[in-house]
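Q: Sequence and predicted structure are below.
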Amino acid sequence: MLKVQIMQCGEVPGSLPFYATKGSAGMDITAALTEQWILEPGAIAMIPTGIAIALPEGYECQVRSRSGLAAKHGIFSLNAPGTIDSDYRGEIKVILANSGKESYAIQPGERIAQLVIARYETVSWEEVSELSITERGAGGFGSTGTL
């Protein structure tokens, strides 16, 4: 099990992210607010979480939408998955957008997004004059069919 350092920060101390169920891949993260925040239709807001983390090198923290907020209210994390890099030490904020037709009130302590910790590789580029041939080739954007 990977251990990640976490601390409370910001104007309102946050809650530790948590797994809602044993099989959850993402940890729920909550809004660190003193009062509700109204997110109007079409609006975008950066919601504080009151926490900061220190990831080991070679890991990222992905910020993802919560499916219930998206399906029921049209509230989603705009740049999902957003990436928190291993060298970032500031407060995690979630960029939420309202694509619904009604205002949505984000409550203090409400679960607003999920965090997934993932390993990644760094690469070095090898510039070549040709790439290997594959069956697909350069076909993209629907080139493999719709079914």
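A: Received the coordinates, thanks. Numbering: from 1, shown residues only.
Q: Name the strands paired with the strand ranked longest in the chain and say parallel or antiparallel.
A: Longest strand of the chain, by residue count under DSSP state E: strand 111-119. Applying DSSP bridges, strand 111-119 is found paired with strand 27-30 (antiparallel), strand 59-64 (antiparallel).
Q: so of those, which one's packed in deepest?
A: strand 27-30 (a mean of 21; mean count of other Cβ atoms under 10 Å). From N, CA and C alone the C-beta is placed, and that goes for glycine too.
Q: what sits up against that strand?
A: 14-15, 17-20, 49, 51, 63, 66, 92, 94, 109-116 (Cβ atoms under 8 Å, 6 or more residues apart in numbering).
Q: Can you tell me the SS state at the residue with the largest distance to the centre of the chain?
A: For the chain, the residue at maximal distance from the C-alpha centroid (Cα atoms, centre = their mean) is Ser129, at 36.8 Å. Under DSSP: H, G, I helix; E, B strand; the rest coil, Ser129 falls in the coil class.
Q: so where's the chain uncertain?
A: Applying pLDDT under 70 to the chain picks out residues 146-147.
Q: For the spatially most central residue of the chain, list the residues it contacts.
A: Geometric centre of the chain, nearest residue: Val63, 1.1 Å, by Cα atoms, centre = their mean. Residues in contact with Val63 (Cβ under 8 Å, 6+ apart) are 29, 77, 79-84, 92, 94, 113-115.
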